[in-house]
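# just coords:
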């Protein structure tokens, strides 16, 4: 782009560039490369020589882990989807809401394991931890809405997103300031150690707990949104908040309830994540937050079923993908690249099907 | 009475928050003025003071503007201060009753030092009472400050803030004075580190004096400037005075590293690297209105490709080795290549994603930024970029024997590139391309309808912005001389975004201000390093809520943001006043979103 004395106007030169189907070409090349990596990688991995090949048990383990992690991601993704459905904004700080619950419940878990309460009364202790985690996440979510987002309800779209990024950084740093930067080991009750055999498959007890709790929470959410009076007002506001407010629905209240519901789900996810990975640290919300957002977009943002589906797909992909697609190419420590899969999926979905798997497929462009 | 209580409770909670993060307990020794005024004390007094000030803000009630009488204002302010002090006092009593060590096992920064400081050996209840009384006085003072006539308030305000600013700059000003061999012990004490009382009073008097002068002569000067601007439409706008001012400014910028010493030059070097990144992102976010959260992509790309083009050594477990690609080019040959690589990369990653709507684009770019971070860390690319160990022995961009690794030399290299980027940005802004970007930002569909090729201009913004950012990365590599993935985290993207936003989206002076405030200040006050990200987060949220156009706004951008208010003003002026009806509500101050 030189501004030299060429007589041709700038736009004419640019349009020459624009008429070439550059975008199409780049898209096709991108798609073909990824298809090649996926197919060739999987083929090569599965046909590795005998001693390097993964056993069947390995794949089963990976799938079980993936489902467990997918359940957690689905719970977080629901928080993104609910808020997006109501306010049309990406609550970037939702990962921090999730982190807050896990981190706050850590101090109770730590006290309980020291007093022996965690192992003597495991069910009661876990219930209390769940309540604490939910309370922590919900508190952060509600404060976030009240302080940072409410005044920006009618601002240009990017303003609340930037605010959310600032809020996310602020919450992370505040937790670091409160509780210190070092990771803390989350105690696991002895009752949850080891694994059980289900239908010939050995499943870690924690993964089973994670899976069951997440499913129960999702079914409860579905019932709440579809059957309760509040759920009906939520759907009404999601459809058209202006008309809903004319029909006598208190939009402010519905928004707060949405953040509370998102906070509850994130709190549950926080406790489950802490139990599954037995560690909490102030940065733990970022990567799962992005992965969960990807899940929500993959399923079709705004759709509850889609968020759940997307969560499981992303969880499975993270667990199985690196081994399946990269090992065959001889990539060392392929699992360090698992997050690359998440971002690739995010980009591909948004480029090729912005509406997501269960979404409508339009409206998300422009 | 209600507003005073509400603001007071909020201020009390804020104080507890600051204490819990450690912003009070860790700074009981940071002297600002003498040994008497420390940072911790300032926090304890300023918060209720601000609370008193805020609680007495004039407001619209039932269609009428309510202002407080001075006496009532002082009362409301005292109440809000007292409530703030009482809330914080309750926290002190609670911690004392519960046991400091037990609280500390969760909240690391609620330490015995903090409690000793707050109670100074007295029983907790007495300490809480004292805190309440002090806060009430501070609150009343804040409220009284608002009620003061302008002629008193302005000089007083500038005296206070300029003095405190000099108190905070205790790491810069004394060093500069020492370099200039000016006697400074009367101003900054060597024992306390902060200002002496004599120095503080002198600074306060000077600041107040300047403020008074400005008030008296300000009208005349402003009139002259306006008159000159009006004349400027016909005649040349550059006057001898402005040339002299510009030359003095230029000379100051050029001699800065010699005067300020290498520590401050080092910080200024970092400031300029971030200013370059900010200028690049400003083109993408500010001019074209595309929110890019993955700007670290170009920073990383620039740093690593420069290292590979000029030749570097990989750090490995067994010593060192050559990277797979190592070209040993001259720095000044390599930089244009880096720029081209970054521009091409910008087009390549931009092409698939630029059709997306704003917030989706943001998330995709975030993913891209995170992906490159994962890639440079991963063991897969160790032979190329060294993985977690990174690489070292990167060129010092030497011209002959004059290398730029020394912070005082690096300053000039960075300055040259920042000046170039500023020039390019400002020329672009007023070019046809810049106007196309503005059209895009304001309304994409209308721009498209008017014949602006939206995709091409978006790609162009991505390419140019990315190219400038990659130069920032290349300079960073020269400055540090070694690269590890720890410097290339997604946080970089968010920091740069914070710079652009704080300064004012789309404003070039804003980018410079933003990087000075967000990178320079924390770099100079090492004690605050730990709280830098907290400040970033708080600054971004506060700017978005209170002043979305930033500190040094871009005029057009600011008009876009305040369109509603301007419309309201016009409505009041044209409709209401013309009909001789008093406005029922003041449109000003009704929220700035």
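Happy to help now that I have it. This one's a predicted model, so the numbers in the text were calculated from it and none came from an experiment.

# which strands or helices does the helix or strand in which residue A:106 is found pack on?
Under DSSP states H and E, the secondary-structure element containing residue A:106 is helix A:94-115. The helices and strands touching helix A:94-115, judged by 3 or more C-beta pairs under 8 Å, 6 or more residues apart in numbering or on different chains; DSSP states H and E, are helix A:56-87, helix A:117-120, helix A:122-143, helix A:158-179, helix A:251-277, strand A:279-280, helix A:286-299. All C-beta atoms are positioned from the backbone trio N, CA, C, and that covers glycine.

# so where's chain A uncertain?
Flagging of chain A using pLDDT under 70 yields the residue ranges A:1-23, A:50-52, A:328, A:330, A:332-334, A:359-366.

# give me the most central residue, it.
Averaging the C-alpha coordinates of chain A gives a centre point, and the residue nearest to it by C-alpha atoms, centre = their mean is residue A:292 (1.1 Å).

# which residues sit in contact with it?
Contacts of residue A:292 were listed using C-beta atoms under 8 Å, 6 or more residues apart in numbering or on different chains, and they are A:73, A:74, A:76, A:77, A:79, A:80, A:94, A:95, A:98, A:311, A:314.

# Throw those residues into CSV and include distance to residue A:114 and neighbour count, thanks.
Putting these into CSV (distance: C-beta to C-beta, whole Å; neighbours: other C-beta atoms under 10 Å in any protein chain shown) gives the following:
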residue, distance to residue A:114, neighbour count
A:73, 31, 32
A:74, 33, 29
A:76, 30, 30
A:77, 35, 35
A:79, 32, 31
A:80, 36, 27
A:94, 32, 33
A:95, 29, 27
A:98, 25, 34
A:311, 34, 31
A:314, 36, 30
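
# over to residue B:405: give its phi and psi.
Summarising the backbone geometry of residue B:405 under the convention degrees, to the nearest 10, its torsions are phi -70, psi -30.

# how many neighbours does it have?
As a burial measure, the neighbour count of residue B:405 was computed by other C-beta atoms under 10 Å in any protein chain shown and equals 15.

# not counting sequence-adjacent ones, nearest residue to it?
Counting by C-beta to C-beta, 6 or more residues apart in numbering or on different chains, the nearest residue to residue B:405 once its immediate chain neighbours are dropped is residue B:396, at 4.3 Å.

# quickly list what residue B:37 is bridged to.
Taking DSSP bridges as the rule, residue B:37 bridges to residue B:33.

# residues in contact with it?
Residues counted as contacts of residue B:37 (C-beta under 8 Å, 6+ apart) are B:31, B:167, B:194.

# go on, residue B:282?
Residue B:282 makes contacts with B:425, B:465, B:500, B:505, B:506, B:507, B:508, B:511, as judged by C-beta under 8 Å, 6+ apart.

# what's the closest of those to residue B:447?
The shortest distance between residue B:447 and any of those, using C-beta to C-beta, involves residue B:506 and amounts to 16.0 Å.

# for the closest residue to chain A within the stretch 51-200 of chain B, the count of nearby residues, please.
Of all residues in the stretch 51-200 of chain B, residue B:108 sits closest to chain A, at 4.7 Å by C-beta to the nearest C-beta. Burial measure for residue B:108: 19 neighbouring residues, criterion other C-beta under 10 Å.

# give me the pLDDT for it.
Residue B:108 is assigned a predicted lDDT (pLDDT) of 84.

# name the element it belongs to?
Following DSSP H and E, there is no helix or strand that holds residue B:108.

# and it, what are its phi and psi?
In this entry, residue B:108 is assigned phi and psi values of phi -60, psi -30 (degrees, to the nearest 10).

# is it true that it touches residue A:181?
No. Applying C-beta atoms under 8 Å, one finds residue B:108 not in contact with residue A:181, separated by 9.6 Å.

# what separation is there between the closest residue to chain A within the stretch 1-150 of chain B and residue A:177?
Going by C-beta to the nearest C-beta, chain A is nearest to residue B:21 of the stretch 1-150 of chain B, at 3.3 Å. Between residue B:21 and residue A:177 the distance, using C-beta to C-beta, to the nearest Å, works out to 3 Å.

# between the two, what contacts are shared?
In terms of C-beta under 8 Å, 6+ apart, residue B:21 and residue A:177 are both contacted by the residues B:109, B:531, B:534.

# any idea how far chain A is from the last one?
From residue B:534 across to chain A, the span is 4 Å (C-beta to the nearest C-beta, to the nearest Å).

# which non-adjacent residue is nearest that residue?
Sequence neighbours aside, residue A:173 is the residue nearest to residue B:534 in space, at 3.8 Å (criterion: C-beta to C-beta, 6+ apart).

# same question, the first one
The shortest distance from residue B:109 to any residue that is not its chain neighbour, by C-beta to C-beta, 6+ apart, is 3.4 Å, and that residue is residue B:22.
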